[in-house]
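Student: What would the 3D arrangement of this be:
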Amino acid sequence: MWIDTHCHIHDEENPIELARNAFAASVDSLICVGTDVTTSHAALGVANTIESEIRDGADDLPRVFSTIGLHPHDASNQGMAGIAGIEQLLKLYGTTKGNGLVGVGECGLDYYYLHSKKSDQQKVFSRQIEFAKAYNLTLIIHTRDSWEDTFSILDECGVPDRMVFHCFTGDRDIAFKAVEIGAFLSFSGMVTFKNAESIREAARAVPLDRILLETDSPYLAPIPHRGKPNLPEYVCIVGEFMADLRKVSAEELSRYVKAAASECFLI
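Tutor: Numbering: from 1, shown residues only. This next block holds a predicted model:
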């Protein structure tokens, strides 16, 4: 069985059916990741709905967990639509046991699109690092064209106990630097893309016990589905590709990934 450690099915029309299809494809756990106040609330709702169905006897659904966070694209949002709203959600749900909340994020820096000013991104990322530490939650980091500042802010703020670089796109050297500061690396369908050799080099090099897998669905569908909407069930494709890349069986890689996810997210 596989775990999709980063998906956005809460944004989709029928998240329960997507989760059910994933379970049928040998995915027994999902993490729904928030990107703003609205989607964070939706992620919490989907996770709690599915967990309720499981408690009521459903045996065809995966375990579903959730996160609360503000994406760097939205870092310039003000008031309750921005970081103040994220802080309020964490105050409401961050200390409640058994609600499936496992992380803060996705958050970080994105200098490729610059939908928010760099200064706003840096400030909001720093705040969310502090939230992860305060609530003992895993930090889910989004980094694009901003590795130097990402590592600098983590060093300045102090790293939380648990963190993951989601949809890892760095090279071998960056991968080792991330592992050195205690991070897990989550590989998405991008590792299957023909132009992603530097990501594959990183995936070959890092310790097996620091590897996570994700879909980032509905984005970044792996080959042979590239260009189509991604699905949580496709994490199996990523897993089989990664197993071949690391020259281990899919079963062995699955065991490593499940153990790493348990350590990273305390699930």
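Student: Buried by neighbour count: which residues of the helix or strand containing residue 175 qualify?
Tutor: Taking DSSP states H and E as the definition, residue 175 sits inside helix 172-180. Within helix 172-180, the residues scored as buried using 16 or more other CB atoms under 10 Å are 172, 174-175, 178-179. Just so you know, the C-beta spots here come from the backbone N, C-alpha and C atoms, and that holds for glycine as well.
Student: quick one: the helices in the protein?
Tutor: According to DSSP state H, the chain carries its helices in the segments 15-24, 37-55, 83-93, 118-134, 147-157, 172-180, 197-205, 235-246, 250-265.
Student: Also compute the angle for the fourth one relative to helix 147-157, please.
Tutor: Here helix 118-134 runs at an angle of 50 degrees relative to helix 147-157 (axes from the mean of the first three to the mean of the last three CA atoms, to 10 degrees).
Student: Extract the C-alpha set from helix 118-134 and format it as PDB.
Tutor: Extracted in PDB, the C-alpha atoms of helix 118-134 (Å, rounded to 0.1, in the frame of the first residue of the first chain):
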ATOM      1  CA  LYS A 118       9.300  38.700  -1.800                       C
ATOM      2  CA  SER A 119       9.200  40.500   1.500                       C
ATOM      3  CA  ASP A 120       5.700  39.400   2.200                       C
ATOM      4  CA  GLN A 121       6.600  35.800   1.300                       C
ATOM      5  CA  GLN A 122       9.600  35.800   3.600                       C
ATOM      6  CA  LYS A 123       7.600  37.300   6.500                       C
ATOM      7  CA  VAL A 124       4.700  34.800   6.100                       C
ATOM      8  CA  PHE A 125       7.000  31.900   5.700                       C
ATOM      9  CA  SER A 126       8.800  32.800   8.900                       C
ATOM     10  CA  ARG A 127       5.500  33.100  10.800                       C
ATOM     11  CA  GLN A 128       4.400  29.600   9.600                       C
ATOM     12  CA  ILE A 129       7.700  28.100  10.700                       C
ATOM     13  CA  GLU A 130       7.000  29.500  14.200                       C
ATOM     14  CA  PHE A 131       3.400  28.100  14.000                       C
ATOM     15  CA  ALA A 132       4.800  24.600  13.200                       C
ATOM     16  CA  LYS A 133       7.000  24.800  16.200                       C
ATOM     17  CA  ALA A 134       4.400  26.200  18.500                       C
END
